[in-house]
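Below are the sequence and a predicted model for it; my questions follow.
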Amino acid sequence: MIESLLVFTFLDVIVIAFIVTLIIIGYLQLTIHKYRLKMKQVKQECLLLNQKLAIKEEKIKELLSYKNKQLSLNEEILNKLKNEINATDPSSEAQKLCLSSAQLQFQVAYEKRLVGAPQKTKDINHSFESKLEILYPELTLYEREVCTLFSLRLSAKEIMKIRNLSLDTIQLLREQIREKMSIPQGIKLEKFIQELA
């Protein structure tokens with residue numbers, strides 16, 4: 001009688017262990033299935049982001065190409081003006097040409113700075129934007145891009161030209177960034193961002 005009770009108890013333990021093992025296996029399979037679904041979703045999101053990034057990079061390349069053509073044209077005009085200045089006598093016309101030449105030289109230098117900005121942005125963009133994303137996750141991608149441009153010591157006017165923004169838009173972006181980064185009123189936004197970089 002005792003042996004039959006022990007056998008019955010031993011069989012019960014084996015059945016219970018088997019059932020528990022099946023439950024654990026089922027739970028693990030469900031967890032793996034959820035993980036695979038999540039990974040598939042993340043891969044799709046990553047693919048979509050890569051496509052958006054490729055489109056943005058193509059637009060930047062087009063903008064750079066346009067700016068380079070404009071820069072070449074300005075340099076060509078500058079060289080023609082210099083030749084005209086050298087060929088003319090020192091009169092009021094020559095002075096006007098000198099003034100135009102100086103203005104164009106300034107414009108060429110300014111355009112070169114703007115043309116170089118996207119490449120600099122691309123170089124530091126990844127690490128600085130990652131830092132911003134960690135420290136200030138509430139910033140949007142666009143706000144992080146503007147912060148990156150500020151970190152390159154570009155002025156608000158230069159950012160307006162690069163991003164084709166209005167003064168009102170850039171002011172609104174500055175206020176949103178300042179609020180999301182909790183920057184006190186006494187500290188300049190650009191300086192805070194440059195020190196953060």
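Everything's here; your move.

In space, not sequence, find me the middle residue of the chain.
residue 145 (4.2 Å; CA atoms, centre = their mean).

gap between the residue nearest to residue 135 when sequence neighbours are not counted and residue 190?
Excluding its sequence neighbours, the residue lying closest to residue 135 (CB to CB, 6 or more residues apart in numbering) is residue 196, at 7.7 Å. Just so you know, the C-beta spots here come from the backbone N, C-alpha and C atoms, and that holds for glycine as well. Separation of residue 196 from residue 190 (CB to CB, to the nearest Å) stands at 11 Å.

show me what contacts the residue nearest to residue 135?
Going by CB atoms under 8 Å, 6 or more residues apart in numbering, residue 196 touches 131-132, 135, 151.

which of those lies closest to residue 40?
residue 132 (28.5 Å; CB to CB).

how near is the closest one to residue 196?
In terms of CB to CB, residue 132 sits 8 Å off from residue 196.

Same question for residue 55.
In terms of CB to CB, residue 55 sits 28 Å off from residue 196.

go on, residue 156?
18 Å.

What segments of the chain are helices?
Secondary structure of the chain (DSSP state H): helices located at 2-87, 92-135, 141-151, 156-163, 167-180, 189-196.

Tell me which of those helices sits most buried.
helix 141-151 (a mean of 20; mean count of other CB atoms under 10 Å).

helices and strands of this structure: which one bottoms out on pLDDT?
Here the helix or strand of the chain ranked lowest by mean pLDDT, DSSP states H and E is helix 92-135, holding a mean of 65.

mean confidence for stretch 188-197?
The pLDDT scores in stretch 188-197 average 87.

could you dump that stretch to PDB, C-alpha only?
Provided in PDB are the C-alpha atoms of stretch 188-197 (Å, rounded to 0.1, in the frame of the first residue of the first chain):
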ATOM      1  CA  LYS A 188      22.700  82.700 -24.900                       C
ATOM      2  CA  LEU A 189      21.300  79.700 -26.700                       C
ATOM      3  CA  GLU A 190      24.200  79.500 -29.200                       C
ATOM      4  CA  LYS A 191      26.900  79.700 -26.400                       C
ATOM      5  CA  PHE A 192      25.100  77.000 -24.400                       C
ATOM      6  CA  ILE A 193      25.000  74.700 -27.400                       C
ATOM      7  CA  GLN A 194      28.600  75.400 -28.400                       C
ATOM      8  CA  GLU A 195      29.800  74.500 -24.900                       C
ATOM      9  CA  LEU A 196      27.600  71.400 -25.000                       C
ATOM     10  CA  ALA A 197      29.300  70.300 -28.300                       C
END
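
now that stretch, how far from the centre of its chain.
Centre-to-centre, stretch 188-197 and its host chain are 16 Å apart (CA atoms, centre = their mean, to the nearest Å).

Repeat that for stretch 162-181.
So, by CA atoms, centre = their mean, the centroid of stretch 162-181 is 15 Å from its chain's centroid.

go on, stretch 31-48?
Going by CA atoms, centre = their mean, where stretch 31-48 is centred and where its chain is centred differ by 24 Å.
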